[in-house]
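*Asks:* The following comprises the amino acid sequence and a computationally predicted model.
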Amino acid sequence: MLSNPARPFFDARLAALLALFVALAAAYNAVTPLFEAPDERDHVSYANWLADGGGLPHLVADRAAVGEIWQPPLYYALVAAVIAPIDRADFPITAPLSDDWLAGSTYVAHYHRAGEGFPWHGTALATHIARFVSTALGLITVLATYAIGRRLLPGYALVAAALVALNPQFVFMSAAVNNDNLVIALSAVVLWLLARLITDLEPDGRPRDPGWREYVALGALWGLAALAKLTGLTLGSVIGLTLLYLAWRRRSWRPLLWGGALVGATLLLVCGWYFWRNWQLYGDPLAWQQMLDVTGGLVREELLSWPDTLRYTVFLLYSYWAIFGYGVFAPDSFYLMTKIIMGLAALGLALRAVRGLRRRVTPERFGLWLLVVWSLTIFLFLLRWMRQIDATNQGRLLFPAVAALGVLGAAGLAALDGRRRLLSTTAVVVLGSWAAALPLLTIAPAYAWPQPVAMAAIPNPTDIRFGEAIHLLGYELPAEVVHGRPVDVALYWQTDRPLDESYFIAVRVLDPAGQVVTGADMLPAGGRYSTVVWEPGRPFRDVYHLPPVGEDAIPGRGTVLVVVYPRGAPGEPLPVTVGGQFTGYEARPGTIKLPPPATRLEPSRLSGATFDGRFRLMGYDAPETAHPGDPLALTLFWEALQPDGRDYTVFVHLVDGAGELVTQSDGPPRTGMYPTGIWSAGEQVRDEHVLALPPDLPPGKYEIRVGLYDPASGARLAAYEGDGIRWADDAVGLVAIEIVPR
């Protein structure tokens, strides 16, 4: 008899979930550029080799021609059979590996061109069709998860399947060419078959005695999994435990001895030839050393320590759920959601384990523990792999246990769920919403080219050329920098002809003193649109997000500087011409205001004078006495009322009792570095001036007078006191200075 409900296997809810999974996989397939899934080009290379009749490759002789050459061949043979009728002659030139990615400059691993887009043809068509083969295998995994759930977790089988089908990383891998998909599906089917053997009971409550066909099927599936990936060999752990359990429950050695013999013999019949071939060719059934040789630079010189390995595994919490390609992350809120789901599931499993301590071991409970053992087996083998091989802390490598983890996750949520199943339903709906959103929210933008723009729509047109073919057509700059916030600079580019080299764009902002206050060197479009794939005659807009300006920046008119240089050679910038004239090796297309920190100024002496309604003198700091021949420092505190964007000169005059000029200091505010032309309404400016006192200046009382004038015409701005009375000569008298002898 069965311990599960007798309702039909398929129902509308399961059909809807499967349809949703296929639709999601199709969306991920469509938006992910060719070969941007992990090692996808190498996987396609292997299938391509077989489809062209190359036969099983030799791990040494054929190493340069075949990617993923150390992998068992079953998945690639399956894909090869599907893509063989398609003309794939363009494979060598399709989406070549990016030198920028190899240099660590971008997460985009391949150079993509417009010809890869829909409608697909050639290698692009073959790859997308091969991805649908993976989707079919993913569908098998989801179905197997549901079947396991029906056996071990009545009522929550659909939740278990949904935790697999709606995992964005699983959907992404099910829409990618990767042999993981086959070993994942076969592992899930083996787990289902084991769950079936455990839960099919005789009327007396003992497990049913399996027939020889079931043992042969188990061995065949195990052998096929081993031919998909060496990870499949580890299925022996749970197969052996199940046979031992059946022998114990039936009080008979038959399941263990007879069943084990049939399973083992079938395993050897299915996959033994492959390992025998390895032994004959390489002296090792697993060809382990040859595999390490192919892996090359990823092999660690010495094993990672266990503490470091455990810290290394933290990445699995993210990559199990969603890290696409070679570093495309989901939003932080997504990972928070998955951590909550995992935390609740773990809590529920702990409660379930505690509650079961005093209860007998039912077939369902043993089945759940078997899933735990399988999950730990995969995890421990992955830990061992991570200790030896770098860049292997990828959640997809846990997916041979994804069906088990889906059922265990559902079991944990079930332990906390109420009668209305609000918790599990919420988890599934939220996860599914994210899975549907991420292709357009995260994946597509991560690889999107900048959109072309019309020449007439380009602001601030320029005639700047870098080298012979790269044109800077225009730019957009913010009116001013906001302290503590990034600075966005938009540049408009075009090339006249194809470029065969990758160039970096260096964007800098210089303060009035010429020091760099922010900047960044980056590939165009953040690496999504390398100059290698620029299309001639296609103008586009590229935005450069620069870090916030440093606190040591001198306020004033900052200058934007642009340099273009070959990747890896910043000391070899391209020459710059403006209007056909050579100007050096850097372009300065525009300026940007660098305001002083937004602090409230508090002068020691107050004033209320205004100048033509444009500026107000808030006050000043000045000494009461001075000596002849000494510099006399004066600090003025201005507030912009309604500035008109013109640069005015500040005059500071020292006059004697008769009103005669003794000495003066005329100049733009802040020695010209922060002119009035960039002041904003409401802004307060600290402005320092120094008067050089004549050495023979007679002792006595002197007065400081200040004002503003237009340097082009010499006309002074009308100066008024706070009560509306206009100052004579539009010069505001500030303070009397006592000149005392030394």
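*Replies:* That came in fine, so what should we check first? Since the model is a prediction, treat every value here as computed from it, not as a measurement.

*Asks:* for the stretch 101-250 of the chain, what spans make up the helices?
*Replies:* Under the criterion DSSP state H, counting those that start in this stretch, the stretch 101-250 of the chain contains helices at 122-152, 157-165, 168-174, 180-199, 212-228, 236-250.

*Asks:* can you tell me the average pLDDT over the fourth one?
*Replies:* For helix 180-199, the mean per-residue pLDDT is 97.

*Asks:* and what of the last one?
*Replies:* When the per-residue pLDDT values of helix 236-250 are averaged, the result is 94.

*Asks:* Next: stretch 730-742.
*Replies:* 89.

*Asks:* Identify the residues contacting it?
*Replies:* 605, 607, 609, 611, 617, 620, 622-628, 632, 634, 651, 653-654, 693, 697-707, 716-719, 721, 727 (Cβ atoms under 8 Å, 6 or more residues apart in numbering). C-beta here means a position set from N, CA and C on the backbone, and glycine is covered the same way.

*Asks:* just the buried members of the residues you listed?
*Replies:* 607, 609, 611, 617, 620, 622, 626, 632, 634, 651, 653-654, 693, 697, 702-707, 716-717, 719, 727 (16 or more other Cβ atoms under 10 Å).

*Asks:* Among the residues you listed, which ones are in strands?
*Replies:* 611, 617, 620, 626, 632, 634, 651, 653-654, 702-707, 719 (DSSP state E).

*Asks:* Quickly find the element holding the spatially most distant residue from the centre of the chain.
*Replies:* Distance from the centre of the chain peaks at Ala658, with 72.5 Å (Cα atoms, centre = their mean). Under DSSP states H and E, no helix or strand contains Ala658.

*Asks:* got the buried residues for the lowest-mean-pLDDT helix or strand in the chain?
*Replies:* Sorted by mean pLDDT, DSSP states H and E, the helices and strands of the chain end with helix 288-295, the least confident at a mean of 84. Buried positions in helix 288-295, judged by neighbour count with 16+ other Cβ under 10 Å: Gln290, Met291, Val294.

*Asks:* Send over the following helix or strand past that helix as PDB, restricted to the C-alpha atoms.
*Replies:* The first helix or strand that comes after helix 288-295 along the chain, using DSSP H and E, is helix 306-312. Taking C-alpha atoms only, helix 306-312 is exported to PDB below (Å, rounded to 0.1, in the frame of the first residue of the first chain):
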ATOM      1  CA  TRP A 306      39.200  23.900   6.700                       C
ATOM      2  CA  PRO A 307      38.500  27.200   8.400                       C
ATOM      3  CA  ASP A 308      39.200  29.100   5.200                       C
ATOM      4  CA  THR A 309      37.000  26.600   3.300                       C
ATOM      5  CA  LEU A 310      34.100  27.100   5.600                       C
ATOM      6  CA  ARG A 311      34.400  30.900   5.100                       C
ATOM      7  CA  TYR A 312      34.600  30.300   1.400                       C
END
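
*Asks:* in helix 306-312, what counts as buried?
*Replies:* Of the residues in helix 306-312, those buried (16+ other Cβ under 10 Å) are Thr309, Tyr312.

*Asks:* tell me what that helix is packed against?
*Replies:* Helix 306-312 sits against helix 363-388, with contacts defined as 3 or more Cβ pairs under 8 Å, 6 or more residues apart in numbering; DSSP states H and E.

*Asks:* how far is the helix it packs on from where the chain is centred?
*Replies:* Distance of helix 363-388 from the chain centroid (Cα atoms, centre = their mean, to the nearest Å) equals 30 Å.

*Asks:* what mean pLDDT does the helix or strand hosting Ala437 have?
*Replies:* Using DSSP H and E, Ala437 sits in helix 422-438. Mean per-residue pLDDT for helix 422-438: 96.

*Asks:* moving C-terminal of that helix, what's the next helix or strand?
*Replies:* helix 444-447.

*Asks:* how about the nearest residue to Leu397, chain neighbours excluded?
*Replies:* Leu382 (5.2 Å; Cβ to Cβ, 6 or more residues apart in numbering).

*Asks:* ok, the residue farthest from the centre of the chain to Lys701 distance?
*Replies:* Per Cβ to Cβ, to the nearest Å, Ala658 is found 11 Å from Lys701.

*Asks:* Assign Tyr544 to helix, strand or coil.
*Replies:* Under DSSP: H, G, I helix; E, B strand; the rest coil, Tyr544 falls in the strand class.

*Asks:* One more: His471?
*Replies:* From three-state DSSP, the assignment for His471 is strand.

*Asks:* Which of the three states applies to the residue lying closest to it once chain neighbours are set aside?
*Replies:* Closest residue to His471 apart from its sequence neighbours, by Cβ to Cβ, 6+ apart: Gln494 at 4.8 Å. Three-state assignment for Gln494 (three-state DSSP): strand.

*Asks:* Distance to Val685 for the buried residues of helix 288-295 - can I get that in a markdown table?
*Replies:* Output for the buried residues of helix 288-295, formatted as a markdown table (distance: Cβ to Cβ, whole Å):
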| residue | distance to Val685 |
| --- | --- |
| Gln290 | 72 |
| Met291 | 68 |
| Val294 | 66 |
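
*Asks:* gap between the two ends of stretch 303-323?
*Replies:* In stretch 303-323, first residue to last residue: 25 Å (Cα to Cα, to the nearest Å).

*Asks:* Ok, stretch 153-162 next?
*Replies:* Stretch 153-162 end-to-end distance (Cα to Cα) = 14 Å.

*Asks:* what is the rounded mean pLDDT of it?
*Replies:* Rounded mean pLDDT across stretch 153-162 is 95.

*Asks:* going forward, begin numbering at 361 instead of 1
*Replies:* Got it, the first residue is 361 from now on, which makes the last one we talked about stretch 513-522.

*Asks:* In it, which residues are buried?
*Replies:* Buried residues in stretch 513-522, counted by 16+ other Cβ under 10 Å: Leu513, Tyr516, Ala517, Leu518, Val519, Ala520, Ala521, Ala522.

*Asks:* so who does the second one touch?
*Replies:* Meaning Tyr516. Gly509, Ala770, Ala771, Leu773, Ala774, Ser784.

*Asks:* what's Ala839 sitting at in phi/psi?
*Replies:* Main-chain dihedrals, Ala839, degrees, to the nearest 10: phi -60, psi -40.

*Asks:* do the one 10 residues further on as well
*Replies:* For Val849, the backbone dihedrals are phi -120, psi 120 (criterion: degrees, to the nearest 10).

*Asks:* What distance do you get for it to Gly834?
*Replies:* 12 Å.

*Asks:* more crowded one of these two?
*Replies:* Val849 (26 against 23; other Cβ atoms under 10 Å).

*Asks:* I figured that one hits Val920, correct?
*Replies:* Yes. Between Val849 and Val920 there is a contact under Cβ atoms under 8 Å: 6.2 Å.

*Asks:* Between those two, which contacts overlap?
*Replies:* Tyr835, Leu837, Val867, Val869.

*Asks:* per-residue confidence at the third one?
*Replies:* Going back to what we said before, that points to Val867. If you check Val867, the pLDDT there is 97.

*Asks:* picking up where we left off before, from the ones in strands among the buried ones among the contacts of stretch 1090-1102, which two are the most distant?
*Replies:* Phe971 and Ala986 (26.0 Å; Cβ to Cβ).

*Asks:* Off-centre distance for whichever helix or strand Gly624 is part of?
*Replies:* Here Gly624, judged by DSSP H and E, is contained in helix 620-642. The gap between where helix 620-642 is centred and where its chain is centred comes out at 43 Å by Cα atoms, centre = their mean.

*Asks:* Going by contacts, tell me the helices and strands next to that helix.
*Replies:* helix 572-588, helix 596-610.
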